[in-house]
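1. Just the structure for this:
(one chain, ligands or ions: 1)
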Amino acid sequence: MNTTTHLKYHIKTYGCQMNYSDTERVMTVLEKMNYEPVDHYNKADLVILNTCMVKKSAENRVYGLGEPFAELKEKNPKLRIGITGCMIHKDTGLRGDSKEKVFRTMPTIDFVFRIKDLMHLPDMLHKMHHMGGADEVSEMKSYFHISPKITNLTQVFIPIMSGCNNFCSFCIVPFTRGRNECRDIAEIMEEVEKMAKRGATEVNFVGQNVNTYKPTDANPDSSDSPFTQLLRKVDAVKGIQRIRFYTVHPQDMGDDVIALYGELKSMVPHLHLPVQSGSNSCLKRMNRHYSVERFKELIDKMRAKIPNISISTDIITGFCGETEEEFMDSLNLVKDCKIDLAYVSKYSERENTLAARTMEDDVSYEVKKERFERITDVMRQLSVDYLKQFVGKTVEVLVEKVEKGYASGKNPEFKLCRFKADDPKLVGEYVNMKVTDSKEWVLEGEPV
Ligand code: SF4
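-> Modelled structure (predicted):
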């Protein structure tokens, strides 16, 4: 029984799609407890920050909210603020207790919880706000069993695993999310089928390294990896037209997954394959166990199946000890491989990672920035070159939004497309668009 009603909540989400997907599960719990969503934390009685620590800037943005929250609490004594996500993790023995650090740095915080402990959120809120409901949640064995609140049926994000065993030297994820934990195929399929029945046509699988997916219910006699088994099953679900997945690791990408391109109807001609650096010596320091040659070989295999496949990647500039020569290797790699989109980031040291403990962050911020700008300029041109091929052709756009007189969405290659339209019913529809022009990052056209 609720003793208080109409309390308002707001969740601020940072970081990757995994966090956005987790947020949808937190929303389910809060709404079962009768909290109502509001679009800004200024209006809320409960604020939850779902945090990211991959970059220092993301962590700083959270700590920057300390002051505004203190002011809001003076105005609204009911306001409670909680933190979950990557900033809250088990004491690794290396960095001390993350909870204490958060409370010390941001005294306005009332509570923290690991996302894996989402089942205990109702108890916490009951004590703080005397809210009831969601009793069944506390009985659940895993937070994955909580159904997500569907905020976007056009593209659904489904976590298939959490955590990572790789320990790339720059990355904090294994410390924040812990080691690989995989959901069973049957559980994921139930979620996919439920979404498909409600009208979802594009499934986005998320996990830190989807190629190391190891559920307990995969067929051990199959020559396919468990991830491939999952992809085959999802492709057969009525209504599913596109499958995307993030993130793949070049070291673990198997030929069985590559073989599905061109075979399964819903495998889109786009692959995000994070290389991080184009230099073997830098990859070694990053503790990435593949070579540039292996990365190129994977791309060649993909292009042999789908010549115009879109390949995107991640690049870090200014990693510990990165020389100008090593940076040029990255620059040349994106050109040689005709990468059409790169998420470029300037290296920022993350406490207790292998790099922070054993290497010097010795590339100055100015150099990191200058390299960031140089490679971003190259990527701009590579994107322009890639997009030109679509001009005059017809592409299939899954419409994500209609605003300011334009409908926009992605084609199968994950390129942003837009055309003039003002009917909001187009959202979630597939529209064929004749491409009339290509800009730096967008294709423009008209429906046909
Ligand atoms: S594969 Fe490397 S970069 Fe990716 S989550 Fe794991 S440790 Fe981090």
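2. can you count the residues close to the residue nearest to Val268 when sequence neighbours are not counted?
-> Ranked by Cβ to Cβ, 6 or more residues apart in numbering and with sequence neighbours excluded, the top spatial neighbour of Val268 is Pro412, at 4.4 Å. In short, each C-beta sits where N, CA and C put it, glycine included. For Pro412, the count of nearby residues is 20 (other Cβ atoms under 10 Å).
3. And Leu387, by the same measure?
-> So Leu387, with other Cβ under 10 Å, has 23 neighbours.
4. buried ones in whichever strand or helix holds it?
-> Per DSSP states H and E, Leu387 falls inside helix 365-388. Using 16 or more other Cβ atoms under 10 Å as the test for burial, helix 365-388 gives Val367, Lys368, Arg371, Phe372, Arg374, Ile375, Val378, Met379, Leu382, Ser383, Tyr386, Leu387.
5. tell me the SS of Asn204?
-> Three-state call for Asn204 (DSSP: H, G, I helix; E, B strand; the rest coil): strand.
6. hey, what's it bridged with?
-> With DSSP bridges as the criterion, Asn204 is bridged to Phe157, Arg244.
7. interface residues of the chain facing the ligand?
-> Contact residues (Cβ under 6 Å from any ligand atom) of the chain with the ligand: Cys164, Asn166, Phe167, Cys168, Cys171, Val173, Pro174, Gln208, Asn209, His249.
8. related to what we said a few turns ago, hey, C-alpha coordinates of the helix holding Leu387 in CSV?
-> Coordinates of the C-alpha atoms in helix 365-388 are reproduced here as CSV (Å, rounded to 0.1, in the frame of the first residue of the first chain):
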residue,chain,number,x,y,z
TYR,A,365,46.3,17.6,-23.4
GLU,A,366,47.2,19.9,-26.2
VAL,A,367,48.7,17.0,-28.3
LYS,A,368,45.7,14.7,-27.5
LYS,A,369,43.4,17.5,-28.7
GLU,A,370,45.4,18.3,-31.8
ARG,A,371,45.5,14.6,-32.8
PHE,A,372,41.8,14.3,-32.0
GLU,A,373,41.1,17.2,-34.4
ARG,A,374,43.3,15.8,-37.1
ILE,A,375,41.7,12.4,-37.1
THR,A,376,38.2,14.0,-36.8
ASP,A,377,39.0,16.0,-40.0
VAL,A,378,40.0,12.9,-41.8
MET,A,379,36.9,11.1,-40.6
ARG,A,380,34.7,13.9,-41.9
GLN,A,381,36.0,13.4,-45.4
LEU,A,382,35.8,9.6,-45.2
SER,A,383,32.1,10.0,-44.2
VAL,A,384,31.5,12.3,-47.1
ASP,A,385,33.1,9.9,-49.5
TYR,A,386,31.1,6.9,-48.1
LEU,A,387,27.7,8.8,-48.2
LYS,A,388,28.2,9.9,-51.8
